[in-house]
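A.B. asks: Dropping the sequence and predicted coords here.
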Amino acid sequence: MANKIDFSQDEWKTLLQSPLIVGVAVLASEPSGFFGMLKESMASAHALVAAKADPNADALVKAVAADFETSEGRTLARDGLKETIAGAQPGEIKMKAVGALRQIPAIVDAKAPADAEAFKRWLAGVAKSVAEAASEGGFLGFGGVQVSDAEKATLAEISAALGIPAASA
């Protein structure tokens, strides 16, 4: 089972920032207002905590979650995220984030083939959790939809970038 030592520093940074990147892609697809953004942002963090606590989670997923708990890991992930979306206009953030995710399959398929599928599916699950965290549209949380069409399209783009079938949202 793969862990941090199986990857170069740049590869590890790419994997470590990937839960943040999927969250940003979904957030950028259809902004949900202040409280919606807060809920959606927390969904990525919750996915990392849940992965570490899940006895059935894949080893690579657990390694990423464990490293994210460290100050060094969070800084590396945050810096990687900043580099990924640097200079992007608001309408370009989703495109840059999804583009960055296209690196994931090559890295995990080559360096962690036993963990690759589970890791990619976990990232898609994080994206889905972010999309489902706040209702879109409506008024004061009433009458909206759980996952907007824009978010559904982004989830499909994320799955395609990761090289896995799109899950239904």
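C.D. replies: It's in. Numbers count the residues shown, from 1 in each chain.

A.B. asks: So residue 87 lies in a helix, does it not?
C.D. replies: No: going by DSSP: H, G, I helix; E, B strand; the rest coil, the assignment for residue 87 is coil, not a helix.

A.B. asks: Quick check: it vs residue 148, distance?
C.D. replies: 27 Å (CB to CB, to the nearest Å). For glycine as for every other residue, the C-beta is placed from the backbone atoms N, C-alpha and C.

A.B. asks: These two: who's more crowded?
C.D. replies: residue 148 (19 against 7; other CB atoms under 10 Å).

A.B. asks: shouldn't that one be in contact with residue 30?
C.D. replies: Yes: using CB atoms under 8 Å, residue 148 makes contact with residue 30 at a distance of 4.9 Å.

A.B. asks: and the residue nearest to residue 59 when sequence neighbours are not counted, what does it touch?
C.D. replies: Nearest non-adjacent residue to residue 59, counting by CB to CB, 6 or more residues apart in numbering: residue 1, 3.3 Å away. The contact partners of residue 1, by CB atoms under 8 Å, 6 or more residues apart in numbering, come to 58, 59, 60, 112, 114, 115.

A.B. asks: Could you report the neighbour count for residue 46?
C.D. replies: 14.

A.B. asks: Check which residues of the lowest-mean-pLDDT helix or strand in the chain are buried.
C.D. replies: One helix or strand of the chain scores below all others by mean pLDDT, DSSP states H and E: helix 33-53, with a mean of 74. For helix 33-53, burial by neighbour count (16 or more other CB atoms under 10 Å) applies to 36, 39, 40, 41, 43, 44, 47, 48, 51, 52.

A.B. asks: For the last one, which non-adjacent residue is closest in space?
C.D. replies: Same thing as residue 52. Using CB to CB, 6+ apart, the nearest residue to residue 52 is residue 65, at 4.0 Å.

A.B. asks: so the one you found makes contact with residue 49?
C.D. replies: Yes: using CB under 8 Å, residue 65 is in contact with residue 49, at 7.4 Å.

A.B. asks: re earlier: can you give the distance of the least confident helix or strand of the chain from its chain's centre?
C.D. replies: Helix 33-53 sits 10 Å away from the centroid of its parent chain (CA atoms, centre = their mean, to the nearest Å).

A.B. asks: Ok, stretch 49-59 next?
C.D. replies: So, by CA atoms, centre = their mean, the centroid of stretch 49-59 is 16 Å from its chain's centroid.

A.B. asks: Only C-alpha atoms, please: export that stretch in CSV.
C.D. replies: Coordinates of the C-alpha atoms in stretch 49-59 are reproduced here as CSV (Å, rounded to 0.1, in the frame of the first residue of the first chain):
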residue,chain,number,x,y,z
VAL,A,49,-11.3,13.8,9.1
ALA,A,50,-13.7,11.0,8.1
ALA,A,51,-11.1,9.3,6.0
LYS,A,52,-8.6,9.2,8.8
ALA,A,53,-11.1,7.7,11.2
ASP,A,54,-12.6,5.2,8.7
PRO,A,55,-11.0,1.7,9.3
ASN,A,56,-12.0,0.7,5.8
ALA,A,57,-10.4,3.7,4.0
ASP,A,58,-7.7,3.0,1.5
ALA,A,59,-4.1,3.3,2.7
